[in-house]
Every structure is written in C-alpha cells, then in structure tokens.
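Enquirer: This is a predicted model, with the sequence first.
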Amino acid sequence: MVDYKTRAREMFDAIKAGSDVDAAVDTYMAEDFVEHEAIPGMGNTRETPRQLFKMMHAAFPDLRVVVHDMLQDDDKVTARISFVGTHQGDFMGLPASGNPVDINAIDIIQFRGDKAVAHWGVMDMAGAMAQMGATPPG
C-alpha cells in the first residue's frame, strides 16, 4: 500500500506561513481536484484551497498546521489537525484582533498517485470566530 500519510503530512507542511501557496497547491493537488467542503464564497475546484490558504496566510502570517492524528484507508487519509496562528489580518470580515487562534479541523483527503484528488472536511469556524473576538448573534 502506498504511504499517503507521508504525502498528506508533506502537503500540510507546505501550506504553513511563509510558503508559496500556489506551488503547494500545484504540487500536491491534481488539476481535477474536487473540494467537497462548503466554504462560503468559494467553489469546489483546486482554486478553493488556493484561495482559502492565501486568505489564511494574510490573516495569520505565522500560520502552521499541527497534525494530531492521521489514519489511512486505501487511497484516503483522515487527519485531525489544527490551524494555529495569530489573528493579524482580516479574516472572513473580522478585523485583526491580535489573538492567538487554534482552529480544529477534520480532513479526509483522497489521493491518486502522488496528488490529492478530493477533500472532505469540517472546520470549527464557530470556535475560530470566538477566538478572534466575534460575539455570537443574540
């Protein structure tokens, strides 16, 4: 069995602060990549993670990905991760707060060869917004 966990770890490392998002997306995601996670205002192609990670780099210039757990089943890798950084720029309409942020996520990534071809995920956006100082509607 191909070790896709190593490839997934390399991909997560390639999207950290200071990295070239375009190069990471082009290196690790197939041209026919499909994004299954609904992200407001974004589509479902490999342009979606490209947009998301550029937005995250602008908002969290010290962004890093912490991998907590990773499991592989055939061509899919499931990862429990955190996006960690300091909120120093606008993120989804929230101005910089200077707060540390730890956004929990669960990702399922499907591979073909050495490229990711699909992603399903759940990100704790309510928790992220609270950490950035947003108040719940009420």
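Expert: Done, it's in.
Enquirer: Can you get me a residue count around the nearest residue to A14 once chain neighbours are set aside?
Expert: For A14, ignoring the flanking residues on the chain, the nearest one in space by CB to CB, 6 or more residues apart in numbering is A24 at 3.8 Å. For every residue, glycine as well, the C-beta is placed using N, CA and C. By other CB atoms under 10 Å, 20 other residues sit near A24.
Enquirer: What lies in contact with the helix or strand where F111 lies?
Expert: If you go by DSSP states H and E, F111 is part of strand 100-112. By CB atoms under 8 Å, 6 or more residues apart in numbering, the residues outside strand 100-112 that reach it are 2, 4, 7-8, 11, 30, 60, 75-87, 116-125, 127-128, 131-132.
Enquirer: State the paired neighbours of that strand in the sheet, together with their directions.
Expert: Here strand 100-112 is paired, per DSSP bridges, with strand 76-86 (antiparallel), strand 115-123 (antiparallel).
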